[in-house]
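*Asks:* Just the structure for this:
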Amino acid sequence: MNIVSTVPYTAPADSEDQSEFTSHYVLPGDRTRGILLVCDHARSTLPEVYGNLGLPASEFERHIAYDIGVEAVVNGLAARLGVPAVLSCFSRLLIDPNRGMDDPTLIMQLSDGAVVPGNRDIDDNERNLRLSRYYQPYHRAIDAEIDAAIADDVAPVLISVHSFTPAWKGVARPWHAGLLWEDDRRCSDLFIQALSADPNLVVGDNVPYAGGLVGDCMNTHAVKRGLPHTLLEIRQDLISDAEGVSQWIDRLADVIDHMVVNDQIKSLAYNRASGDK
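*Replies:* This is a model prediction of the structure:
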């Protein structure tokens, strides 16, 4: 394993400087369409007080800091569909909102060959500060959107958008996209069927990762609340530029619009409430 060189790091002396940093943002939309988009790893940014956590700035251009391309995809998709979305604003290197609070990878000390000096010796106070200022406000925003939809008598389908590297440990990944699911695979099946209709696409079923990580975003907000869901992974090289982003916005908008028009989204929520998987 190649460990990247690091730069000197000094822990923040005054945590109050972090209060100006926004943990997330919410795109408003029509909740009656029955869809909520979620983007856990939208950005690679950090509160100024943390500097670069002792890493070279180039590390924040890699997948270890964020999911390349997904913020633009989710922004464009939310606008096209007219649906709400919740997106994080902090790098997963600060704290990973797609991990449970008891997960040992919640705050990574080593990520794909990069030692993270700013995470190496944090104490409980710093861990709790990151939870309270960044992680928990993001998750409360998701809960608030779900609660508002349910108050309007709409149980939303959660669609979480991520991206994955074209290769891992030297092995190329052939999939253009993967759909991850836990327990209830019906929403993922709709996406798999629709995307696989394009002969040029290779679509994975619970790959390149398996769904069902206890305490992750889908587990917390969908599985535990009995809501239909899917986690969409797009290969990063396909959405690394504006043209690729536009193509995937068009592709996904067509797929989801078809689901809405044909009442497949409403059917997912209705059947789930009835206990039918």
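*Asks:* Can you show me the strands along the stretch 1-150 of the chain?
*Replies:* Assigned by DSSP state E, counting those that start in this stretch, the strands in the stretch 1-150 of the chain fall at 24-27, 35-39, 85-88, 110-111, 114-115.
*Asks:* my guess is Val161 contacts Ile35, does it?
*Replies:* No. The criterion here is C-beta atoms under 8 Å, and Val161 misses it with Ile35 at 11.8 Å. Heads up, the C-betas are built off the backbone N, CA and C, glycines and all.
*Asks:* need the strands of the stretch 1-150 of the chain in CSV with mean neighbour count, distance to Asp237 and mean pLDDT, can you?
*Replies:* Shown next, in CSV, are the strands of the stretch 1-150 of the chain (neighbours: other C-beta atoms under 10 Å; distance: least, C-beta to C-beta, whole Å; pLDDT from 0 to 100):
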stretch, mean neighbour count, distance to Asp237, mean pLDDT
strand 24-27, 17, 26, 98
strand 35-39, 27, 19, 98
strand 85-88, 28, 22, 98
strand 110-111, 17, 20, 84
strand 114-115, 20, 20, 84
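*Asks:* Could you say which one of those strands comes nearest to Pro199?
*Replies:* strand 35-39 (27.0 Å; C-beta to C-beta).
*Asks:* Sheet partners, orientation included, of that closest one?
*Replies:* Applying DSSP bridges to the sheet, strand 35-39 is found paired with strand 85-88 (parallel), strand 157-164 (parallel).
*Asks:* How far away from the center of its chain is the longest one?
*Replies:* Using C-alpha atoms, centre = their mean, to the nearest Å, the mean C-alpha position of strand 157-164 is found 5 Å from that of the whole chain.
*Asks:* Report the buried residues of that strand.
*Replies:* For strand 157-164, burial by neighbour count (16 or more other C-beta atoms under 10 Å) applies to 157-164.
*Asks:* Farthest-apart pair in those, please.
*Replies:* So, the buried residues of strand 157-164 by C-beta to C-beta: farthest apart are Val157 and Phe164, at 21.8 Å.
*Asks:* Quick one: residues in contact with the biggest helix by length in the chain.
*Replies:* Longest helix in the chain by number of residues, with DSSP state H as the criterion: helix 242-261. Here helix 242-261 makes contact (C-beta atoms under 8 Å, 6 or more residues apart in numbering) with 33-35, 69, 72-73, 76-77, 80-81, 159, 190-191, 194-195, 198, 232, 234, 237-239, 264-265.
*Asks:* what do you get for stretch 179-195?
*Replies:* 157, 159, 177, 201, 203-206, 209-213, 218-219, 223, 228-233, 251, 255, 258-259, 264, 268, 271-272, 277.
*Asks:* Let me see the mean pLDDT of it.
*Replies:* Stretch 179-195 carries an average pLDDT of 94.
*Asks:* Could you give me the buried positions within it?
*Replies:* Neighbour-count burial for stretch 179-195 flags 179-182, 184-188, 190-192, 194-195 (criterion: 16+ other C-beta under 10 Å).
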